[in-house]
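Asks: My questions are about this predicted structure, shown below with the sequence.
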There are 2 protein chains.
Amino acid sequence: MTARTSRRAFLKSSIAAGAAGAAAAASGAAGATPDPLITQVQPWASGLGDGVDATPYGLPIEHEGDVIRRNVEWLTADTISSINFTPIHALDGTITPQGCAFERHHSGAIDLRKEDYRLMINGLVDRPLVFSYADLERFPRENHVYFCECAANTGMEWAGAQLNGAQFTHGMIHNMEYTGVPLRTLLEEAGFDPTGKWVFVEGADASSNGRSIPMEKALDDVLVAFKANGEALRKEHGYPVRLVVPGWEGNLWVKWLRRIEVMNAPVESREETSKYTDTFADGSSRKWTWEMDAKSVVTSPSPQAPITHGKGPLVITGLAWSGRGAITRVDVSKDGGKTWETARLAKPGERMALTRFYLDTTWSGQEMFLQSRAMDETGYVQPTKAQLRAVRGLNSIYHNNCIQTWWVRANGEAENVEVS
Amino acid sequence: MTARTSRRAFLKSSIAAGAAGAAAAASGAAGATPDPLITQVQPWASGLGDGVDATPYGLPIEHEGDVIRRNVEWLTADTISSINFTPIHALDGTITPQGCAFERHHSGAIDLRKEDYRLMINGLVDRPLVFSYADLERFPRENHVYFCECAANTGMEWAGAQLNGAQFTHGMIHNMEYTGVPLRTLLEEAGFDPTGKWVFVEGADASSNGRSIPMEKALDDVLVAFKANGEALRKEHGYPVRLVVPGWEGNLWVKWLRRIEVMNAPVESREETSKYTDTFADGSSRKWTWEMDAKSVVTSPSPQAPITHGKGPLVITGLAWSGRGAITRVDVSKDGGKTWETARLAKPGERMALTRFYLDTTWSGQEMFLQSRAMDETGYVQPTKAQLRAVRGLNSIYHNNCIQTWWVRANGEAENVEVS
């Protein structure tokens, strides 16, 4: 006669516990305390709200005032060359709004008007060119959703469980829909010399953040982008033009893009020698590590998103991504990696974009050691912290894609821990 | 020896004209006026920018201060029961940021905290239920990108070319990635009676905006949503919970969702009788018009986005959508519908979501009568204004999905016109 689901048991307990008065008011049961939010007319239902002229450009409601980017004061000497973190513990879906998408600057976010914007392509080309912003708008554009992850994301975890919260351990990442011109189109316009095997890209800010990119990648999927999530790039994301280097470390995604030089060798600049190289146990360094390996994290429950409702139905959710292609599977463990359950992907994985996963489960009320483990289309499986340390040692800062563990206690609170 | 493209001719003319000094500076040509933006060190390259603590939640840069929602003062008696419009002429890609996504309120945007939120399901159910916000978070969630279009979008065009600008003629639409619980799940939880063929949905604001929805749709793809583009719904979009009714008119997407009653007949409320019905030439009205038919518009060039660069390469772009499925093709005409060219879709069309199209073309410098024409997976072709009027007459307000014409003059400026 009526449709039924396995969640019925949940409502018998949780609504009875959490919103008992409300449930009673709805069903007209005698004896229960009426919920005034149901039985009384509320002010928002008896007065007028804001008119459509109130917010020409809107911000989140004040009740969400804690869902913001946060920096960690002791992490850097100054906020000018620093990082803040996306509040991934409080987000769902896959798109990151620009307003709370992490920032990384080397000399601060600059103010550069479209009218003052120039992009030079020089070096091993038929003829050097300079494009104005208006010039760039005249080339065929593409739209793609890509993640941008800082190479240092999760970097503090090399030294053990340090920062308490998914925002801080994994929040140097965002995922947006970019609109831009393929770099290939602009290089072809300048007539690049086939002996040019590298491009050197730099920004208009004081740091210039110069990086070398192999020509093969430059001609593949790199975008010269001017929109993110439909609108202009925000100042802190490189307005008016940034480079988008799908799947590769965020430091290559040069903001306020000023110049692209075609070269026959890499520059070996500061940003790719003393920084953004991976140091091994013996003190030697691996020169180039461009791709971001497959990785995942449970965003809720997590230290900033504890369980508040007691045992019973629980949605475990998180994000997975790979710089080498699409995510094909995510497993979740509640016991620190001894046993695994395959999570549900909200959508089939897309190449170089965040994938949302869910495990719709029932919580026993006992402590959990929550982990997630991503797999990508190359067959790669996200490693444990111990596996990664065995190969890389403890001297690294960058490219830590290890499995993360949250210890969820019986009271629902969670903590960043290591399991052996 | 070097790669070449057909756009080379463009740069010979446009860069020489538009950024001649810059091009010369880049190539070291003698005689040209050097561009100081290339030859001199700029302030943004010699000083520091903003630190990462400057914008815990960011807004667009001030130079984009005109890319905002706008209302039209004479359109409604008061801003409390009114509309503002998405600046679609200035956006690209498909995602609409919440901050500039159009609003429609019937009694203003209300302030409703998660703690005070209740959702009742009553009527023909095994047992009425009341859900708190925390209860909703315990059900399995889905993620989908959907457009939401007001039934009155383009409604002024029934009377001829009225409002000058894509923002005003077609801006009552937005497109976001929603996260929510399928309404079906909640109805099954309450145990709906199979004699219940309709649900009546209403909001917590003073207008309540009650609407009847057939059970078949309610059980299909309707979401009880709490996130848009990853983050909490904004106040003006129904914080903390709104209904998402894919492909159907925006008035059904009840904000601040308060109650869902399972009924055996529609309520025939104010919002579905005196409003949101389509009046025909003879004065009779069609009761239900839920689906938004296939439609498209050129967003650039358009009256608010004129051509500023003269003849030569030109990117014509716009949006297409259908409430009956995926967009399969968009054609563009430069001569008011006499001849058509098939545009490039940025991605394959997705069901009930905006599709971005591009026509990468060369402008002769002559006037154009720009049009776009969408086709969807049902085989439906977007009609001309004359075809629509022949069926619907001139008394309608809602569901105007006719082909739009922009008259682009030789000076690049554009105007909303009708072609016979």
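Replies: That came through, no problem. Numbers count the residues shown, from 1 in each chain, chains lettered A, B, ... in the order given.
Asks: Just give the number of residues close to residue A:56.
Replies: 17 (other CB atoms under 10 Å in any protein chain shown). Placement of C-beta: from N, CA and C, glycine included.
Asks: Check residue A:329 and give its pLDDT.
Replies: We have a pLDDT of 98 for residue A:329.
Asks: Can you name the residues that contact the residue nearest to residue A:104 when sequence neighbours are not counted?
Replies: By the measure of CB to CB, 6 or more residues apart in numbering or on different chains, the closest residue to residue A:104 outside its immediate chain neighbours is residue A:83, 4.9 Å from it. Listed by CB atoms under 8 Å, 6 or more residues apart in numbering or on different chains, the contact set of residue A:83 reads A:71-72, A:75-76, A:102-104, A:150, A:152, A:172, B:52.
Asks: Show me where the stretch 201-350 of chain A dips below the pLDDT cut-off.
Replies: Along the stretch 201-350 of chain A, the model assigns pLDDT under 70 to no residue.
Asks: Please, where are all the helices along it?
Replies: Taking DSSP state H, counting those that start in this stretch to define them, one finds helices in the stretch 201-350 of chain A at A:215-218.
Asks: Residue A:415: what secondary structure?
Replies: Three-state call for residue A:415 (DSSP: H, G, I helix; E, B strand; the rest coil): strand.
Asks: Go ahead and confirm it touches residue A:164.
Replies: Yes. Counting by CB atoms under 8 Å, residue A:415 does reach residue A:164; the two are 6.4 Å apart.
Asks: Now list whatever residues contact both of these two.
Replies: Joint contacts of residue A:415 and residue A:164 (CB under 8 Å, 6+ apart) are residue A:303.
Asks: Domain-wise, how is chain A divided?
Replies: A:73-285, A:295-416 (automatic domain parsing).
Asks: Pick the most buried one from those.
Replies: domain A:73-285 (a mean of 21; mean count of other CB atoms under 10 Å in any protein chain shown).
Asks: what about it, distance to the chain center?
Replies: Centroid separation for domain A:73-285 versus its chain: 14 Å, with CA atoms, centre = their mean, to the nearest Å.
Asks: Stretch A:36-43 too?
Replies: Counting by CA atoms, centre = their mean, stretch A:36-43 comes out at 40 Å from the chain centroid.
Asks: same question, stretch A:413-420
Replies: Centre to centre, stretch against its chain (CA atoms, centre = their mean), the figure for stretch A:413-420 is 21 Å.
Asks: average pLDDT for that stretch?
Replies: On average, stretch A:413-420 scores 94.
Asks: gap between the two ends of it?
Replies: Start-to-end span of stretch A:413-420 (CA to CA, to the nearest Å) is 21 Å.
Asks: residues making contact with that stretch?
Replies: Counting by CB under 8 Å, 6+ apart, A:160-165, A:169, A:301-303, A:305-307, A:336-337, A:369-371, A:385-386, A:404-409 sit against stretch A:413-420.
Asks: can you tell me the average pLDDT over stretch A:145-155?
Replies: 97.
Asks: Please verify my assumption that residue A:164 contacts residue A:306.
Replies: No. Using CB under 8 Å, residue A:164 is not in contact with residue A:306, being 11.6 Å away.
Asks: Dump the contacts of residue A:83 to JSON lines, plus secondary structure and distance to residue B:236.
Replies: Formatted as JSON lines, these follow (DSSP: H, G, I helix; E, B strand; the rest coil; distance: CB to CB, whole Å):
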{"residue": "A:71", "secondary structure": "coil", "distance to residue B:236": "29"}
{"residue": "A:72", "secondary structure": "coil", "distance to residue B:236": "33"}
{"residue": "A:75", "secondary structure": "helix", "distance to residue B:236": "36"}
{"residue": "A:76", "secondary structure": "coil", "distance to residue B:236": "36"}
{"residue": "A:102", "secondary structure": "coil", "distance to residue B:236": "26"}
{"residue": "A:103", "secondary structure": "coil", "distance to residue B:236": "26"}
{"residue": "A:104", "secondary structure": "strand", "distance to residue B:236": "31"}
{"residue": "A:150", "secondary structure": "coil", "distance to residue B:236": "33"}
{"residue": "A:152", "secondary structure": "coil", "distance to residue B:236": "37"}
{"residue": "A:172", "secondary structure": "coil", "distance to residue B:236": "31"}
{"residue": "B:52", "secondary structure": "coil", "distance to residue B:236": "28"}
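Asks: Brilliant, that's me finished.
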